[in-house]
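1. what follows is a predicted structure for the sequence shown.
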Amino acid sequence: MSTGLQVDSAGRLRHFLDVAGLKRQQLVEIMDTAESFSEVADRSIKKVPLLRGKTVVNLFFEASTRTRTTFELAAKRLSADILNLDVSTSATTKGESLLDTLRNLEAMHADMFVVRHAESGAAHFVARHAAPHVGVINAGDGCHAHPTQAMLDMFTIRRVKGEFTPLTVAIVGDILHSRVARSQIHALNTLGVRAVRVIAPQTLLPPQIEQLGVEVHHDIHEGVRDADVIITLRLQRERMDGRLLPSKHEYFQLYGLTETNLATAKADAIVMHPGPINRGVELDSGTADGPRSVILQQVTHGIAIRMAVISMVMAAHTGETTE
Amino acid sequence: MSTGLQVDSAGRLRHFLDVAGLKRQQLVEIMDTAESFSEVADRSIKKVPLLRGKTVVNLFFEASTRTRTTFELAAKRLSADILNLDVSTSATTKGESLLDTLRNLEAMHADMFVVRHAESGAAHFVARHAAPHVGVINAGDGCHAHPTQAMLDMFTIRRVKGEFTPLTVAIVGDILHSRVARSQIHALNTLGVRAVRVIAPQTLLPPQIEQLGVEVHHDIHEGVRDADVIITLRLQRERMDGRLLPSKHEYFQLYGLTETNLATAKADAIVMHPGPINRGVELDSGTADGPRSVILQQVTHGIAIRMAVISMVMAAHTGETTE
Amino acid sequence: MSTGLQVDSAGRLRHFLDVAGLKRQQLVEIMDTAESFSEVADRSIKKVPLLRGKTVVNLFFEASTRTRTTFELAAKRLSADILNLDVSTSATTKGESLLDTLRNLEAMHADMFVVRHAESGAAHFVARHAAPHVGVINAGDGCHAHPTQAMLDMFTIRRVKGEFTPLTVAIVGDILHSRVARSQIHALNTLGVRAVRVIAPQTLLPPQIEQLGVEVHHDIHEGVRDADVIITLRLQRERMDGRLLPSKHEYFQLYGLTETNLATAKADAIVMHPGPINRGVELDSGTADGPRSVILQQVTHGIAIRMAVISMVMAAHTGETTE
């Protein structure tokens, strides 16, 4: 179902909504395209004229400075015109239905919507109802998916580790509420890693999580044993309300990453985090800033992945190739 | 008076403040210029280098995401640099007089002010006090005028109907508070339509409205009879306070456009609305999304009209032609 | 100390944090570069391609529409991509440490931070911790420094007066809380003016102000006698709380600039103000808009000075020259 919406009959990425439903070859193509854009960032003039005269709309129904910024930079480095619409605070659009907002932006010849929404499925809804000339990218929808984040994580892993098949990847934290974790699990399994583990207390795991193809661990020492990659998830402050978790302090005691509980991981294991970090909660500063950490590389690769996805989706609508 | 401020001795549009005072030939020139820009939107690269290095300032004393967005897109597609100043929320400029704000922006070499203000006459005030090198466009002032909205409506009518002279145009709704209606009535009469009708309860009509050259109707069935164009106005929610109108529901019963009360209009009559629509108030969804509706074309033409007006006003200040 | 951070071994301006610590020749070079950019503002196309593909981040921890706008215009006229981050209102970055914010923006390949902060020393902190490829410009930090404002003031004085050495310059107002005054005093003394005077009540003067190389006056008539340049400072409304000053009215009576108390100044004395003006407080409208006033020239020169500083700092990081 998702495939039909995302990929056209010629195999091109019409929208980028969810890692689930995409084939290995499609994920590899996204990473290969990002590879070619990584080189742009090292140039003196960090800009390519690929999307000159195209209009990309950041349609954010939920505020997120960081994600909006990365899409804005990616679009600008592709030479697109970018329009930031913070729909959460716009008085005019508030009284208007989502469909009327879409129709109006399309009538202004917007070429792409980058959609962030607190409700799961919002980006799919937009893609289903968008005009044929418009591409849609999911910049995070509810607890459902955050596919560009997952792909920048995959790209980071590939750049450091080379191959996916021999890897054991452990994801630590609030799997239950994490759109990032869902997208990562799909991507890692599609790319054929040896094992995906999730490490969390029972209260922060969705029911039947094993069906996504993961091993469940409640003990971090066991969970990271012999792992090649450890991905920590951001603990949303609004979850720390005493019902699911006693306190930040206790969370750190049980699941916070430190050199001590990383001792059982592979010697060359890398540590990842989607940011922004709660230091002393998901991991300590020694680990966040230590030699295993690739957290800032993730940020850098986030620009390249977003340039890749924007240009691929745009190309699927204009019939032009990205290279 | 208005003419003197808007048009220079060579007949060029120095400012665009009000449809009132402009001659038929000037309105036609705006539409002809918009016609040439409409084609830009269909290009792969929706951009012309006409205003490269020019600085357009969106000077909004009243928030309006939609209008600001259309001017921003129009300016970007002309390759201008655009500066969005939301003066309503700016702490720095709040303590400063309007004239000091103008003088400062002029000293920064702003080339154009697009002015939105809750008070009637604000754009004229700005134009009277602007430096000679600066053009001013009225993006809506109080209950007075919204000339780019009126011109995009005229452009939409011309694109569908071709000629103005045989047309009967009915405007339905809150004429009393509508800057859009005032500008439309002036434009329609200047372009020589056969008849302009206004349809509204007595409480939503200004006194002596007939002097603007309109027929007054209180009954919608009578008002739309044999009309070629029916323009619905947005009912401002803040007006629905029980004094002027009993309720949204009653308004819809009496003046809401439906297929039923459109039955007496011409078979090929078109329906317009400046947006955003209150569905089920000014018109029902069947009509808004139906075959008579040209509401989304209005949005599209809004970009072309704004590109036309911006480039014409800029050309009057630089001595260059727009083509 | 400051010198080491701001200027590299080849004498190039790596960061622009404070006028204090810079040599006369460096201040002259900034003004000479601004001179070459002043001419850009008079062109039909007010843009140079010097910083194409560079990313300048306006990192504002304290809101300031006016200063942000001038840096935004300066960066756009240099063809840079500009990212406005209003960190004071950003939910995402609020929970994050300043260093993590810097690291993330650097990882996105930001080339320059323009920093505004309510705390003294913030821009120095950012410069000390920024990555080697990143330049930092201080856009105002607490009561400490506002070096681009001081340099646009110097540039304005040089354009009108030609030479600094024969000049007597009087600074009137709240010296105690003014980052502008501190930077001006350093610049004027470095440029070798004959005398710098400060005119203020004892309550608005820092202790040992004489050590900065100024003459102290409490009487405005005495203070402006034979002065060539009179700089008024903005009285922050939040200071007018009854403790330091009885009232706006009394302040104006004692220290407000008028034609009357300017009578003792040189016949060709000029009057300056950093804006926005509180008319009837720091000076009356006759003086603000009169023939002695160069207040709007200051605004114009502010763009040229910021273009100069941005391009010089960028050049120090890329090894390219600004011309």
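-> Received, thanks.

2. tell me which stretches of chain A form strands.
-> For chain A, the strands defined by DSSP state E cover A:55-60, A:81-86, A:112-117, A:135-141, A:168-172, A:195-199, A:215-217, A:229-232, A:270-272.

3. distance to C:Glu62, mean neighbour count and mean pLDDT added to the ones you listed, as a markdown table?
-> Yep, even glycine has a C-beta here, placed from its N, CA and C like the rest. Formatted as a markdown table, the strands of chain A follow (distance: least, C-beta to C-beta, whole Å; neighbours: other C-beta atoms under 10 Å in any protein chain shown; pLDDT from 0 to 100):
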| stretch | distance to C:Glu62 | mean neighbour count | mean pLDDT |
| --- | --- | --- | --- |
| strand A:55-60 | 24 | 25 | 96 |
| strand A:81-86 | 21 | 20 | 91 |
| strand A:112-117 | 27 | 27 | 96 |
| strand A:135-141 | 29 | 27 | 96 |
| strand A:168-172 | 37 | 26 | 98 |
| strand A:195-199 | 41 | 23 | 98 |
| strand A:215-217 | 46 | 16 | 97 |
| strand A:229-232 | 33 | 27 | 98 |
| strand A:270-272 | 33 | 23 | 98 |
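
4. nearest to C:Asp86, of those strands?
-> Evaluated with C-beta to C-beta, the strands of chain A place strand A:81-86 nearest to C:Asp86, the distance being 11.8 Å.

5. could you tell me the angle between that closest one and strand C:81-86?
-> With axes from the mean of the first three to the mean of the last three C-alpha atoms, to 10 degrees defining the directions, strand A:81-86 sits at 10 degrees from strand C:81-86.

6. tell me which strands strand A:81-86 pairs with, and in which orientation.
-> strand A:55-60 (parallel) (DSSP bridges).

7. can you lay out the strands of chain A as TSV showing distance to C:Leu188?
-> Putting these into TSV (distance: least, C-beta to C-beta, whole Å) gives the following:
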stretch	distance to C:Leu188
strand A:55-60	46
strand A:81-86	42
strand A:112-117	50
strand A:135-141	50
strand A:168-172	58
strand A:195-199	63
strand A:215-217	67
strand A:229-232	53
strand A:270-272	53
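
8. between the ones you listed, which gets nearest to C:Val309?
-> Closest to C:Val309 of the strands of chain A, according to C-beta to C-beta: strand A:81-86, at 26.4 Å.

9. which residues touch that closest one?
-> Strand A:81-86 has contacts (C-beta atoms under 8 Å, 6 or more residues apart in numbering or on different chains) with A:53-60, A:63, A:68, A:71-72, A:75-76, A:93, A:105, A:110, B:47, B:65, B:69, B:72-73, B:76-77.

10. out of the strands of chain A, nearest to A:Leu17?
-> For A:Leu17, the closest of the strands of chain A is strand A:135-141, at 4.6 Å, according to C-beta to C-beta.

11. how far does that closest one sit from the chain's center?
-> Using C-alpha atoms, centre = their mean, to the nearest Å, the distance from the centre of strand A:135-141 to the centre of the chain it belongs to is 10 Å.

12. can you report how many residues lie near A:Ser247?
-> A:Ser247 has 11 neighbouring residues, counting by other C-beta atoms under 10 Å in any protein chain shown.

13. tell me the pLDDT of it.
-> Here the pLDDT value assigned to A:Ser247 is 82.

14. interface residues of the stretch 101-250 of chain A facing chain B?
-> Residues of the stretch 101-250 of chain A lying close to chain B by C-beta under 8 Å from any C-beta of the partner chain are A:Arg103, A:Asn104, A:Glu106, A:Ala107, A:Met108, A:His109.

15. neighbour-wise, which one of those residues leads?
-> A:Asn104 leads those on contacts (other C-beta under 10 Å) with 24 neighbours.

16. tell me the contacts of that one?
-> A:Glu96, B:Arg66, B:Gly275, B:Pro276, B:Leu296, B:Val299.

17. now, which of these sits nearest chain C?
-> Among those, B:Arg66 lies closest to chain C (C-beta to the nearest C-beta), at 21.4 Å.

18. separation between that closest one and C:Ala131?
-> 40 Å (C-beta to C-beta, to the nearest Å).

19. how about A:Val172?
-> Applying C-beta to C-beta, the value for A:Val172 to C:Ala131 is 29 Å.

20. do A:Gly213 as well
-> Following C-beta to C-beta, the distance that separates A:Gly213 from C:Ala131 is 39 Å.

21. swap in A:Gln202?
-> 42 Å.

22. and the residue of chain A found nearest chain C, what pLDDT?
-> Closest contact between chain A and chain C, by C-beta to the nearest C-beta, is at A:Ile45 (3.2 Å). In this model, A:Ile45 is scored at 84, pLDDT.

23. what about the spatially closest residue to A:Met151 that is not a sequence neighbour, how many neighbours?
-> Once flanking residues are discounted, A:Met151 sits nearest to A:Ile305: 4.9 Å by C-beta to C-beta, 6 or more residues apart in numbering or on different chains. Per other C-beta under 10 Å, the neighbour tally for A:Ile305 reads 29.

24. and A:Ile305, what does it touch?
-> Contacts for A:Ile305 (C-beta under 8 Å, 6+ apart) come out as A:Ile30, A:Met31, A:Ala34, A:Thr148, A:Met151, A:Leu152, A:Phe155.

25. wait, isn't the second one in contact with A:Arg158?
-> Just to be clear, that refers to A:Met31. Yes - counting by C-beta atoms under 8 Å, A:Met31 does reach A:Arg158; the two are 5.9 Å apart.

26. what segments of chain A are helices?
-> A:2-6, A:24-41, A:65-77, A:91-94, A:98-107, A:122-129, A:147-161, A:179-190, A:220-223, A:248-255, A:285-288, A:295-318 (DSSP state H).

27. could those helices be laid out in TSV, adding distance to C:Gly256?
-> Listed next are those as TSV, based on distance: least, C-beta to C-beta, whole Å:
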stretch	distance to C:Gly256
helix A:2-6	67
helix A:24-41	53
helix A:65-77	42
helix A:91-94	40
helix A:98-107	51
helix A:122-129	57
helix A:147-161	57
helix A:179-190	59
helix A:220-223	68
helix A:248-255	54
helix A:285-288	53
helix A:295-318	51
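
28. quick one: residues contacting the closest residue to A:Asp228 other than its chain neighbours.
-> Leaving aside its sequence neighbours, A:Asp228 sits nearest to A:Leu167 (C-beta to C-beta, 6+ apart; 4.5 Å). Each residue near A:Leu167 by C-beta under 8 Å, 6+ apart is listed here: A:Ile157, A:Lys161, A:Val193, A:Arg194, A:Asp228, A:Val229.

29. and which of those residues is nearest to C:Asp18?
-> Closest approach to C:Asp18 among these (C-beta to C-beta): A:Ile157, at 43.7 Å.

30. touching, that closest one and A:Thr165? I think so.
-> No - with contacts counted by C-beta under 8 Å, A:Ile157 stays clear of A:Thr165, the gap being 11.9 Å.

31. higher neighbour count, these two?
-> For A:Ile157 and A:Thr165, the more surrounded residue by other C-beta under 10 Å is A:Ile157, and the numbers stand at 28 against 8.

32. so what's that one up against?
-> A:Phe164, A:Leu167, A:Val169, A:Val229, A:Ile270, A:Met272.

33. just the residues you listed now: which is nearest B:Ile185?
-> Nearest to B:Ile185 out of the contacts of A:Ile157 is A:Met272 (C-beta to C-beta; 62.9 Å).

34. more neighbours, B:Arg66 and C:Ala131?
-> Shown here are B:Arg66 and C:Ala131; by other C-beta under 10 Å, B:Arg66 has more neighbours (22 against 14).

35. what's the neighbour count on the residue nearest to A:Ala200 when sequence neighbours are not counted?
-> Among residues not flanking A:Ala200 along the chain, A:Ile175 sits closest, at 5.1 Å (C-beta to C-beta, 6+ apart). A:Ile175: 24 surrounding residues under other C-beta under 10 Å.

36. fine by me, thanks again.
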